[in-house]
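Colleague: How does the following fold in three dimensions:
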Amino acid sequence: MASPGWSDLPSFILFLNTHPLFAIGIMLVLGYLFGHTAERVGLPEITGFLAAGLLMGPSVAAVISSEVATELLIITEIALGLICFTIGAELYLPKLRRVGRQVGWITAGQIGVTFLLVFGALSLIGVQPTFPLLLAATAGTTSPAATVVIVRSLRARGVYVDYLFGTVALGDAAAIVLFSILLAVAGVSLGIHAAASAVAVVISVAANLALSLVLGVAGGMTIHAITRRQESSAEILIVTVGVVLLGTAVAAAFGLSPLLLNITCGAVVANIAPRNSRIFRTIEPLTPPIYALFFVIAGTKLRPTLFLQPELLLGGGVYVIGRAVGKYTGAWVGAKINRVDPAIRRWIGVSLLPQAGIALGLVLMLQLLGEGAGPEIEQAISTAVNVVLFAVFINEVLGPPLSRHATLKGNRMEAT
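Modeller: Residues are numbered from 1 along each chain as shown. Coordinates of the predicted model:
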């Protein structure tokens, strides 16, 4: 499409408004400005990224057209792939041997209590029986991107960060597996999928998850095999990003879990050889613009109008409160059982409050389930999806500042 030029200003503005490169450029520039401003007033830069996206999105200024926003979904997929690959590195066995039991209990506590509280609360307010289970499964997720960005911005190191990253990695993997199982069961119970025995459903889901793990292992071994003799950072970066993108595409094509695949891939790379830590250092310079775009794009999808719908306000409010109480209480109980350091026990639940990419990826799977399922089921699924979008809005606005404060306090108190 040729540019209309300055002589036709309205057409020129329309051209820019629908051009993906303009969208990416303006997102990065405004994201930087808003992120920098947020940091100046004591907020995490993620808050600024989200605010920039909200401003440019259809809810406010509509600088980014809906068509371009759809085209930019590929950036979200790329970001999620790299985020999961990076967080998989936290499943490093020598580290897990040191804190694995405690992390396992903290993860089980925060996932289990959150699931029960959100499921029970949504059931009490009359949400259709199938959907509280799915919504409760999404509530277990934490935003690994927010966690990584916050920790890096604070330059935090130490046992608190090891516990936090381990809990996020294990918790998100557990939530993905739980959601995948419940989604398959929901498809049968709602009549969307052909009737099948519970055993057949479980076997099908288990096979998909197992294949995701196998492909993740294969991807990690491929990266190691190609890069183990390489000294060039550029070549390591090319191979690593290429394999992550290939794995994400293959998982999408076969209906597998790209999130679980890339977490596994990162874990394999981290554990197959200590020298592979350089691979993660190599991709670090690439991640700031990717993460910035990820959160700005997420901001364009935030819809303040959801606050005007009483049903969503009730359902979303119950979800947010139940999730926050479950995360904090469950993590505290899990840490208490294993006599974890009081600073970690007190603050780690608060550090788990941000929620974005993984939850959005799971509700996308829920949306795909409802396509062509009939108006009644489609409406119920749309309501469930909007409840999660409402919760993501709240958890991404309030979660990062709270998480930053908790990580700062927990890491400082643990070090003293």
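
Colleague: Could you list the low-confidence segments of the stretch 251-400 of the chain?
Modeller: Within the stretch 251-400 of the chain, the segments meeting pLDDT under 70 span 306, 357, 364, 367-378.

Colleague: Quick one: the helices in it, in order.
Modeller: Taking DSSP state H, counting those that start in this stretch as the test, the helices found in the stretch 251-400 of the chain are 258-272, 277-283, 287-300, 310-337, 342-351, 357-370, 375-415.

Colleague: which stretch among these comes nearest residue 157?
Modeller: helix 375-415 (7.8 Å; Cβ to Cβ). C-betas here are computed from N, CA, C, even on glycine.

Colleague: by contact count, what packs against that closest one?
Modeller: helix 45-56, helix 130-139, helix 144-154, helix 159-189, helix 287-300, helix 310-337, helix 342-351, helix 357-370 (3 or more Cβ pairs under 8 Å, 6 or more residues apart in numbering; DSSP states H and E).

Colleague: now these in CSV, with mean neighbour count and distance to residue 389?
Modeller: Converted to CSV, these look like this (neighbours: other Cβ atoms under 10 Å; distance: least, Cβ to Cβ, whole Å):
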stretch, mean neighbour count, distance to residue 389
helix 45-56, 26, 13
helix 130-139, 26, 11
helix 144-154, 22, 17
helix 159-189, 22, 16
helix 287-300, 24, 10
helix 310-337, 21, 8
helix 342-351, 23, 23
helix 357-370, 20, 7
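
Colleague: Of all the helices of the stretch 251-400 of the chain, which one is nearest residue 229?
Modeller: If we rank the helices of the stretch 251-400 of the chain by Cβ to Cβ, the stretch that ends up nearest is helix 277-283, at 12.5 Å.

Colleague: Dump the closest one to PDB, keeping only the CA atoms.
Modeller: Provided in PDB are the C-alpha atoms of helix 277-283 (Å, rounded to 0.1, in the frame of the first residue of the first chain):
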ATOM      1  CA  SER A 277      23.900 -20.300  31.400                       C
ATOM      2  CA  ARG A 278      25.500 -18.200  28.600                       C
ATOM      3  CA  ILE A 279      22.600 -18.900  26.400                       C
ATOM      4  CA  PHE A 280      20.200 -17.100  28.800                       C
ATOM      5  CA  ARG A 281      22.700 -14.200  29.100                       C
ATOM      6  CA  THR A 282      22.800 -14.000  25.300                       C
ATOM      7  CA  ILE A 283      19.100 -13.500  24.900                       C
END
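
Colleague: How far off centre is it?
Modeller: Centroid separation between helix 277-283 and its chain, computed with Cα atoms, centre = their mean, to the nearest Å, is 21 Å.

Colleague: Same question for stretch 40-50.
Modeller: 18 Å.

Colleague: What lies in contact with it?
Modeller: Residues outside stretch 40-50 that contact it (Cβ atoms under 8 Å, 6 or more residues apart in numbering) are 31, 33-39, 146, 149-150, 153, 292, 295-296, 298-299, 302, 354, 396-397, 400-401, 403-404.

Colleague: first to last residue in it, what's the distance?
Modeller: Start-to-end span of stretch 40-50 (Cα to Cα, to the nearest Å) is 16 Å.

Colleague: just stretch 297-314 next, same as before
Modeller: Start-to-end span of stretch 297-314 (Cα to Cα) is 26 Å.

Colleague: Check stretch 33-53 too.
Modeller: End-to-end distance of stretch 33-53 (Cα to Cα): 12 Å.

Colleague: Show the pLDDT at residue 201.
Modeller: Residue 201 is assigned a predicted lDDT (pLDDT) of 66.

Colleague: so where's the stretch 51-200 of the chain uncertain?
Modeller: In the stretch 51-200 of the chain (pLDDT under 70), the answer is 65-66, 69, 127-130, 187-200.

Colleague: Report how many residues lie close to residue 206.
Modeller: As a burial measure, residue 206 scores 14 neighbours (other Cβ atoms under 10 Å).

Colleague: Remind me which helix or strand it belongs to.
Modeller: Residue 206 belongs to helix 198-227 when assigned by DSSP states H and E.

Colleague: Check which helices and strands that helix is in contact with.
Modeller: Packed against helix 198-227 by the contact rule (3+ Cβ pairs under 8 Å, 6+ apart) you find helix 159-189, helix 233-253, helix 258-272.

Colleague: can you give me how far the second one is from the chain middle?
Modeller: Spelled out, that is helix 233-253. Relative to the centre of its chain, helix 233-253 is centred 19 Å away, using Cα atoms, centre = their mean.

Colleague: and the angle for it with helix 198-227?
Modeller: 160 degrees (axes from the mean of the first three to the mean of the last three Cα atoms, to 10 degrees).

Colleague: ok, and for helix 233-253, which residues are buried?
Modeller: For helix 233-253, burial by neighbour count (16 or more other Cβ atoms under 10 Å) applies to 236, 237, 239, 240, 241, 243, 244, 245, 247, 248, 250, 251.

Colleague: Check what contacts that helix and list those residues.
Modeller: Applying Cβ under 8 Å, 6+ apart, the external contacts of helix 233-253 come out as 77-78, 80-82, 85, 212, 215-216, 219, 222-223, 226-227, 230, 256-258, 261-262, 265, 278-279, 282-283, 286.

Colleague: let's see 6 Å
Modeller: Helix 233-253 is contacted by residues 77, 81, 85, 219, 222-223, 226-227, 230, 258, 261, 279, 282-283 when judged by Cβ atoms under 6 Å, 6 or more residues apart in numbering.

Colleague: Now restrict those residues to buried residues only.
Modeller: Applying 16+ other Cβ under 10 Å to the contacts of helix 233-253 flags 81, 85, 219, 222, 223, 226, 227, 258, 261, 279, 282, 283 as buried.

Colleague: Not including adjacent chain positions, what is the nearest residue to residue 313?
Modeller: Nearest residue to residue 313, sequence neighbours excluded (Cβ to Cβ, 6 or more residues apart in numbering): residue 307, at 6.0 Å.

Colleague: now residue 56
Modeller: Leaving aside its chain neighbours, residue 56 sits nearest to residue 63 (4.2 Å; criterion: Cβ to Cβ, 6+ apart).

Colleague: correct me, but that neighbour touches residue 54?
Modeller: No: between residue 63 and residue 54 there is no contact under Cβ atoms under 6 Å: 11.1 Å.

Colleague: For residue 131, give me its contacts.
Modeller: For residue 131, the contact set (Cβ under 6 Å, 6+ apart) comprises residue 384.

Colleague: what's the answer for residue 359, then?
Modeller: Counted by Cβ under 6 Å, 6+ apart, residue 359 has contacts 138, 141, 388, 392.
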